[in-house]
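> Okay, sequence plus prediction incoming.
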Amino acid sequence: MASSAAATAQPLDRTRARRRAAWRRRRLVLLLMAPWLIGFSAFFGYPLVMSVYLSFTHYDLLSSPKWIGTANYRYLFTQDPQVGEAVKNTLWIIAVMVPLQVVFAFGVALMLARARRGVGFFRTIFYLPALAPPVAATLAFVYILNPATGPVNVLLKHLGIDGPLWFQSPSWSKPSLVLLGLWGVGNIMIIFLAAILDVPRHLYESAELDGAGPLQRLRWVTLPTISPVILFSVVIGVIAGLQYFTQAYVAANVASGQASQAGDQTVNNLGYPEASTLFYPVELYQHGFRYFNMGYASAMSVLLLVVAFTITVLIIRNSRRWVHYVGAAK
Amino acid sequence: MRRVGIGLLVALVLGAALVAATARSSATAGTSGAKVDNITIWVGWSAAELKAFKGVVAEYDSKHSDVTVKVVGGINDDKITAAIRSGKVPDVVSSFTSANVGSYCNSGAWIDLKPFLSKDKIDVNMFPKTSQYYTQYKGKRCALPLLADVYGFYYNKAMFKAAGLTSPPKTMSQLTSYAKKLTKKNSDGSIKVAGYNPFLGFYAGNAPDLSAYAPLFGAKYVDGSGKSVISKDPAWSKMLTWQKSLVDWYGYKKLQKFNAGAADEFSASHAFEIGKLAMMIDGEWRVAFIGREHPSLDYGTAPAPVDDAHPELYGAGYVNGTIIGIPKGVKHKDQAWALVKYLTTDSHALAIFSNGVRNVPTTKASLTSPDIKPDAHFKTFLKIFANPKSTTTPITAAGNAYGSLIQAFAVKWQAGHAGDLAKGLQKLDKQIDAQLKQAQAGGVP
């Protein structure tokens, strides 16, 4: 009887010991993750929950929020006269700038990967614009593309071409921002370059032995191998497009030529010209911080979060068809 | 699936970062009864203007041995709001954006000044009606005016003489005809000198919300119940039609190129100051700028020309101004009020500050103060300010958000992209009403 009790106690002890060990491990993991968890909860989790709550309130930043149900969302979806334009502009910049940035960055990376001489110099040159602060870069572009005095139009004039109005024209303002975006594509370029240089040589050699030309090697070896990086660039690009703000804000204020004195917020140049650079985050900022309409701005930001999330999910789901992970388990 | 999970997490984190930017917790303001030795005032002025303001405050300091006033310049409304929310407020605040007075008064973020005014028997009628209006919201007075910006007309006398013109235009049709006479073009057809540049967005006098033009056409924004009447008041369509016809005379694209080549309006290369613009509507501050930057410029000032059908409006103009108040949670309330009272009601203080920055002093008495430095150019603006027909833009619960809607329509209109004017203005009315309703949701403000 005694021996049978001892036999039962042994597995029980082992189970308890295993549980204790597992709990200790979990505790350690939690402890190690604590800085991130605390930061995430305080700086992301709480504001996120608060934003959702504030989106159902009227909140002017100065007095307590007042619950108004779905009124902010109703105005957003049915009455706000400027949000439609802001959405249109944002979709435009995503649809045009993101693919162009990816293609341009990939093209530059491809050339740099094949360069034989001055590799370090060219890599530095092409990466350098990415180091320029967005505000300074935008100021420089507005100056360079000034229709009357900018060097680009002066040069075009010498060639007998009447240059466009660039940031002054509603048709050219977004393409001008795209040019700025392409110029500063260094970060994506460097990731592409690393990925291209990481493609195993033997794949190229096998393809070459099979008679594949340069274009076929690009199509069937390079692109599939670096497809995870393309996916990453597209996702990051789309999210950045949805949050496009700094360049649009600076370009509109500078190009409009209507400066304001220190602290004067009566002059409103956002979206200049003709609301062509009024992107969704610019409109959101305007409501939240210019008109003290933070409840409504929160509703706009919640919608933006939902849209960003949905688009990302769609891209990632769709990516299963064209993204290949080398060595990934099927 | 795992990769999808990671992707979703990345999206969530990035999205949350964006959402976080809009969420801030409200804070309550604290008070303390510390010994009074130092009070702080926040103002928007910077550089030379801040120096002038500090001079006024230094005079106050010298008269009040118990108080030392610390002046902080370069402040905007974002900083004021953040301070009030944090509870760490200066004793006195001032803002260039009078349109925000609705939020400040209604929320109680700037305290009600009525008890102080009553206690000291100060009658607000000492300020002109327009300044009384933009310093309160629905009868709640949480601010007082501290100098005003008044818009008038500037013209280049030398160019007038060369074109055979002897006096500034008094009506819009005269302005149009003078503008055409004074405009000079380059051999390629581009504009060398613009007689008058009516392009909305070009310098402060052409603010795209048409605020500087509205008083010149007698245009009303709202009716008695606060509803937008832009499509019902014929002044608006008249104003926009006149403006576009002059834009079309120059050519929209040519004006855009001219504007792009013109220097920043607060630089010494301002188009009027360097002779690239013969006439303009601008604020009174330009007198000081010209005095500093181009003292030899031969120019004159006058009230801006008005609608031909309303000659009685001549002499009026657009008025806006700096507002000053006491934030809630202030430490030294009485001392703060004493400073506000001095800065806003003392004719001498207003006059010397006006001399320093060449903004218009805001009490009726100070307009004729012997302390005001005589200046023929500046005198014009004192008269415009005192004119009972001078107006400002409406103070609403939505701040100046309605101005953005007017601007959105007006800039499309001048570009020829707005379609039918009457229908566009009707739509604009609906948009403004809906915006105001949204801003008042929940009964606030």
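Thanks, I have the structure now. Residues are numbered from 1 along each chain as shown, chains lettered A, B, ... in the order given.
> which residues does residue 315 contact?
I went with chain A, as the question did not name one. A:231, A:234-235, A:238 (CB atoms under 8 Å, 6 or more residues apart in numbering or on different chains). Using the backbone N, CA and C atoms, a C-beta is placed for each residue, glycine as well.
> I was after chain B.
Taking CB under 8 Å, 6+ apart, one finds B:303, B:383-384, B:387, B:389 in contact with B:G315.
> now B:Q136: how far from chain A?
Applying CB to the nearest CB, to the nearest Å, the value for B:Q136 to chain A is 16 Å.
> so does the helix or strand B:G321 falls within get close to chain A?
For B:G321, the host element (DSSP states H and E) is strand B:319-325. Yes. Remark: strand B:319-325 sits within contact range of chain A at B:N320, by CB under 8 Å from any CB of the partner chain.
> Can you give me the neighbour number for B:K333?
Neighbour count of B:K333, defined by other CB atoms under 10 Å in any protein chain shown: 15.
> Hmm, B:G325 and it touching each other?
No. Counting by CB atoms under 8 Å, B:K333 sits too far from B:G325 to count as a contact (11.8 Å).
> Among the contacts of B:G315, filter down to the buried ones and hand me the ChimeraX syntax, if you would.
Selecting only the buried entries of the contacts of B:G315 in ChimeraX, with 16 or more other CB atoms under 10 Å in any protein chain shown as the criterion:
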select /B:303,383,384,387,389
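> thinking again about what came up before, what about the contacts of A:I315, which are in helices?
When DSSP state H defines the helices, the subset of these inside them is A:231, A:234-235, A:238.
> Redo those residues as a markdown table? Include distance to chain B.
As requested, those are arranged in a markdown table below (distance: CB to the nearest CB, whole Å):
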| residue | distance to chain B |
| --- | --- |
| A:L231 | 8 |
| A:V234 | 11 |
| A:V235 | 7 |
| A:V238 | 9 |
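> ok, of the contacts of A:I315, which come out buried?
Among the contacts of A:I315, those classed as buried by 16+ other CB under 10 Å are A:231, A:234-235, A:238.
> Any residues of the stretch 151-300 of chain B in contact with chain A? List them.
Within the stretch 151-300 of chain B, the positions near chain A by CB under 8 Å from any CB are B:201-204, B:207-209, B:253, B:256-262, B:264-266.
> Now, of those residues, which are buried?
Neighbour-count burial within these applies to B:201-204, B:207-209, B:253, B:256-262, B:265-266; the criterion is 16+ other CB under 10 Å.
> Does the strand or helix carrying B:G403 pack against any helices or strands, and if so which?
For B:G403, the element it lies in under DSSP H and E is helix B:401-414. When contacts are defined as 3 or more CB pairs under 8 Å, 6 or more residues apart in numbering or on different chains; DSSP states H and E, helix B:401-414 sits against helix B:234-250, helix B:421-439.
> can you tell me which of those the model trusts least?
Across these, helix B:421-439 has the smallest mean pLDDT, namely a mean of 94.
> The buried ones among the residues of the stretch 151-300 of chain B next to chain A in strands, which ones?
Among those, no residue falls in strands (DSSP state E).
> tilt between the helix holding B:G403 and helix B:234-250?
If you take axes from the mean of the first three to the mean of the last three CA atoms, to 10 degrees, helix B:401-414 sits at 40 degrees to helix B:234-250.
> low pLDDT regions in chain A?
A:1-9, A:257-267, A:327-330 (pLDDT under 70).
> and what of the stretch 1-150 of chain B?
Counting by pLDDT under 70, the stretch 1-150 of chain B has low-confidence residues at B:1-36.
> do that again at 80, thanks
The model of the stretch 1-150 of chain B has pLDDT under 80 over residues B:1-37.
> got the contact list for A:T138?
Contact analysis of A:T138 by CB under 8 Å, 6+ apart lists A:180, A:246-247, A:250-251, A:254.
> any idea which of those residues has the most stuff around it?
So for those (other CB under 10 Å), the most neighbours sit at A:A251, 24 neighbours.
> how much space is there between B:D307 and chain A?
For B:D307 relative to chain A (CB to the nearest CB), the value is 24 Å.
> Excluding sequence neighbours, find me the nearest residue to residue 151.
The chain I'm using is chain A. Excluding its sequence neighbours, the residue lying closest to A:P151 (CB to CB, 6 or more residues apart in numbering or on different chains) is A:I144, at 5.9 Å.
> hmm, I had chain B in mind actually
In space, B:Y151 comes closest to B:Y318 once its chain neighbours are excluded; the distance is 4.3 Å by CB to CB, 6+ apart.
> ok, now which ones touch the one you found?
B:150-151, B:211-215, B:390-393.
> Can I get the buried part of the residues you listed as one ChimeraX selection?
Entered in ChimeraX, the line below selects the buried ones among those, by 16+ other CB under 10 Å:
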select /B:150,151,211,212,213,214,215,390,391,392,393
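> So which of the contacts of B:Y318 is the closest to B:A415?
Each of the contacts of B:Y318 was scored against B:A415 by CB to CB, and B:Y213 proved nearest at 17.4 Å.
> The closest one is in contact with B:M239, isn't it?
Yes. B:Y213 is within contact range of B:M239, at 5.4 Å (criterion: CB under 8 Å).
> okay, and the common contacts of the two?
Common neighbours of B:Y213 and B:M239, counting by CB under 8 Å, 6+ apart, are B:A219.
> tell me the average confidence for stretch B:211-219?
For stretch B:211-219, the mean pLDDT works out to 97.
> Give me the residue at the spatial middle of chain B.
For chain B, the residue nearest the mean C-alpha position is B:N320 (4.6 Å; CA atoms, centre = their mean).
> So it sits against B:I395, correct?
No. Using CB under 8 Å, B:N320 is not in contact with B:I395; the gap is 10.9 Å.
> hang on, the earlier thing: farthest-apart pair in the contacts of B:G315, please.
B:K383 and B:K389 (11.7 Å).
> Could you break the chain into its assigned domains?
No chain in the question, so chain A it is. A:2-41, A:81-321 (automatic domain parsing).
> Chain B, not that one
What automatic domain parsing lists as the domains of chain B is B:8-149+B:319-386, B:151-313.
> In TSV: the ones you listed, plus distance to A:S298.
Compiled in TSV, the domains of chain B are given as follows (distance: least, CB to CB, whole Å):
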stretch	distance to A:S298
domain B:8-149+B:319-386	5
domain B:151-313	26
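> Give me the pLDDT for B:K257.
89.
> Check the one 10 residues further on too.
On pLDDT, B:S267 comes in at 86.
> Next one: it from A:S256, what distance?
Counting by CB to CB, to the nearest Å, the separation of B:S267 from A:S256 is 15 Å.
> Among these two, which residue is more densely surrounded?
Neighbours were counted for B:S267 and for A:S256 using other CB under 10 Å; A:S256 has more, 25 against 13.
> Who are the contact partners of the more buried one?
Contacts of A:S256 by CB under 8 Å, 6+ apart are A:269, A:272-273, B:201.
> Highest neighbour count among the residues you listed?
A:Y272 (27 neighbours).
> Would you check that that residue makes contact with A:A255?
Yes. Using CB under 8 Å, A:Y272 is in contact with A:A255, at 6.1 Å.
> Which neighbours do those two have in common?
A:S173.
> For the longest helix seen in chain A, enumerate the helices and strands it packs against.
Across chain A, the longest stretch assigned as helix under DSSP H is helix A:2-40. Helices and strands touching helix A:2-40, by 3+ CB pairs under 8 Å, 6+ apart: there are none.
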